[in-house]
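# whatever this is, show me its structure:
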Amino acid sequence: MQRYEAYKDSGVEWIGEIPAGWEVERLKYCLSVNSGGIWGDDPLNDGFDKYVLRSTEQTVGGEWAITDPAIRNMSAVSKLETYRILPGDLVVTKSSGSPNHIGKTTIAGTEFLEREYYYSNFMQRVRLQDENNPRFYWYVMNSDLARNQYVFLQNSTSGLGNLSAETIGLISVPHPRVIEQQAIADYLDVKTAQIDSIVSQTERSIELLREYRKSAISEAVTKGLDPDAPMRDSGVEWIGEIPARWRIAKMTLISKSVLGRMLDQEKDTGRNAHKYLSNKDVQWFAFQINDLKEMGFPEGSHERYRINDGDLMVCEGGEVGRCAVWRGPTPSFYFQKAIHRVRFDSLFAYPEYMAYQMYQKALCNNFAEVRKGESTIAHLPGEQLSGLRMILPPLPEQQAIADYLDGKTAQIDSLIADKQRQVELLKEYRKSLISEAVTGKFKVPGLE
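This is a model prediction of the structure:
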């Protein structure tokens, strides 16, 4: 990138050096309007009902996401026209419980001439003086340069961050000539659109890889690895055909399941009583044997709630069917409520294959009998878990399928991780490009 001929200290640490011909100003000196919003009253359908935009109609990145704007009655509002959003206006979120949302800024385009929109009292509308370019300052105000200042300046009450007209105007912003503002905004429009397109394509490829992962699991656990195997109707609609020598059996015939115990939280003494463990797709609390009594496990319950090598741990609530095989130390780990422990008969079932099948059932939403409690959270009671119909290939095939899927899913997961890193790097590059452009760290093409 071409640099400017000369630079000077901006006097602001987080801005650093700026081109010699630039200045740093408080935002308030660049504005002609800095006004709060309105909320109005409940709609009356009397001709004074208007659309009012809220901070929920703004994305974290500063784009509009207007799908269901509020309708409020403005008959009691004097000088209503002064609250209308016009093209070029910048609208700032000034109240939020999240630092990621404080200061997010959207810009009104020409469509705001066609649609009459107002803005809520949790937002602030700023209008730039004629000699300033709104799009340039939109980039500035959505950059870390401005957003970090907003986080620093906010007043917090009950966890809700708040900005005011005064604090919004206090941030320090670069102030190049208007011709440079326009050139920088035009350049960033093109470059960010290119980056956003690549990000979108990469995120789409991640979605496709995840779908491919699901289909690979589904195909292997229901059809096997031999494409030439003779098939027969399984008698189960969602399964369809299965290899002819496979059979189907209820879970209760090939395993025994136990639901974990609710812990007595009042007896948690805080003496490092529990550890947080993660294994594949399922997470649970595990407890050392000498802590069981402290945590409310009754005497004699150790064996009932012990996790053994090869046990399948299945989520009972929330993400029903999320599961993993426990492969680890057996003497001292236990499980709590909301986790089923399924222990298979080793003559009929290979745990890893069963885990993939359980995962496939969850992906295909095949827990038709799963009930929902008062909170609408799904649960998989023990009797329904025991009644699930499971596909049973011969044991050697179960292990072969599980080994195949271990390798296949590892490959796909690695590709997904690589693409996720690409997305993260592209987003970081986008942020740094904007920050460097608006502070003059390089001269955009076309400027003399």
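# quick one: mean pLDDT over stretch 164-182.
Stretch 164-182 shows a mean pLDDT of 95 in the predicted model.
# can you dump the C-alpha coordinates of that stretch into PDB?
The C-alpha trace of stretch 164-182 is given here as PDB (Å, rounded to 0.1, in the frame of the first residue of the first chain):
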ATOM      1  CA  SER A 164     -25.600  10.000  25.900                       C
ATOM      2  CA  ALA A 165     -25.500  12.700  23.300                       C
ATOM      3  CA  GLU A 166     -22.600  14.200  25.200                       C
ATOM      4  CA  THR A 167     -20.600  10.900  25.300                       C
ATOM      5  CA  ILE A 168     -21.300  10.100  21.700                       C
ATOM      6  CA  GLY A 169     -19.900  13.500  20.700                       C
ATOM      7  CA  LEU A 170     -16.800  13.100  22.900                       C
ATOM      8  CA  ILE A 171     -15.100  10.400  20.900                       C
ATOM      9  CA  SER A 172     -12.000  11.400  19.000                       C
ATOM     10  CA  VAL A 173     -12.200  10.700  15.200                       C
ATOM     11  CA  PRO A 174      -9.900  11.400  12.200                       C
ATOM     12  CA  HIS A 175     -10.900  14.300  10.000                       C
ATOM     13  CA  PRO A 176      -9.400  14.200   6.500                       C
ATOM     14  CA  ARG A 177     -10.400  16.500   3.700                       C
ATOM     15  CA  VAL A 178     -13.900  15.700   2.300                       C
ATOM     16  CA  ILE A 179     -12.400  14.500  -1.000                       C
ATOM     17  CA  GLU A 180     -10.300  12.000   0.900                       C
ATOM     18  CA  GLN A 181     -13.300  10.900   3.000                       C
ATOM     19  CA  GLN A 182     -15.200  10.100  -0.200                       C
END
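# figure out how far it is from the centre of its chain.
Here stretch 164-182 is found 31 Å from its chain centre; the criterion is Cα atoms, centre = their mean, to the nearest Å.
# enumerate the positions of it that are buried.
Using 16 or more other Cβ atoms under 10 Å as the test for burial, stretch 164-182 gives 164-165, 167-169, 171-176, 180-181. Yep, even glycine has a C-beta here, placed from its N, CA and C like the rest.
# then stretch 89-99?
Buried positions in stretch 89-99, judged by neighbour count with 16+ other Cβ under 10 Å: Asp89, Leu90, Val91, Val92, Thr93, Lys94, Ser95, Ser96.
# can I assume Met313 sits in a helix?
No: counting by DSSP: H, G, I helix; E, B strand; the rest coil, Met313 is not part of a helix but strand.
# any chance you could map the strands in the stretch 1-150 of the chain?
7-9, 17-19, 23-26, 31-36, 49-53, 70-73, 90-93, 95-96, 105-107, 117-119, 123-128 (DSSP state E, counting those that start in this stretch).
# where among those is average confidence lowest?
Here the lowest mean pLDDT among these goes to strand 95-96, at a mean of 85.
# what's that strand in contact with?
Here strand 95-96 makes contact (Cβ atoms under 8 Å, 6 or more residues apart in numbering) with Ser55, Ile102, Phe122, Leu160, Gly161, Asn162, Leu163.
# out of those, which end up buried?
Buried, going by 16+ other Cβ under 10 Å: Ser55, Ile102, Phe122, Gly161, Leu163, out of the contacts of strand 95-96.
# format those as JSON lines; extra columns: distance to Arg84.
What follows is these, written out as JSON lines (distance: Cβ to Cβ, whole Å):
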{"residue": "Ser55", "distance to Arg84": "18"}
{"residue": "Ile102", "distance to Arg84": "25"}
{"residue": "Phe122", "distance to Arg84": "17"}
{"residue": "Gly161", "distance to Arg84": "27"}
{"residue": "Leu163", "distance to Arg84": "22"}
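# confidence-wise, which of those residues comes last?
Lowest confidence among the buried ones among the contacts of strand 95-96: Gly161, with 76.
# still on that earlier bit, turn the strands of the stretch 1-150 of the chain into JSON lines, columns for distance to Thr192.
Formatted as JSON lines, those follow (distance: least, Cβ to Cβ, whole Å):
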{"stretch": "strand 7-9", "distance to Thr192": "25"}
{"stretch": "strand 17-19", "distance to Thr192": "21"}
{"stretch": "strand 23-26", "distance to Thr192": "23"}
{"stretch": "strand 31-36", "distance to Thr192": "24"}
{"stretch": "strand 49-53", "distance to Thr192": "23"}
{"stretch": "strand 70-73", "distance to Thr192": "30"}
{"stretch": "strand 90-93", "distance to Thr192": "17"}
{"stretch": "strand 95-96", "distance to Thr192": "24"}
{"stretch": "strand 105-107", "distance to Thr192": "13"}
{"stretch": "strand 117-119", "distance to Thr192": "24"}
{"stretch": "strand 123-128", "distance to Thr192": "20"}
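# fine, thanks again, bye for now.
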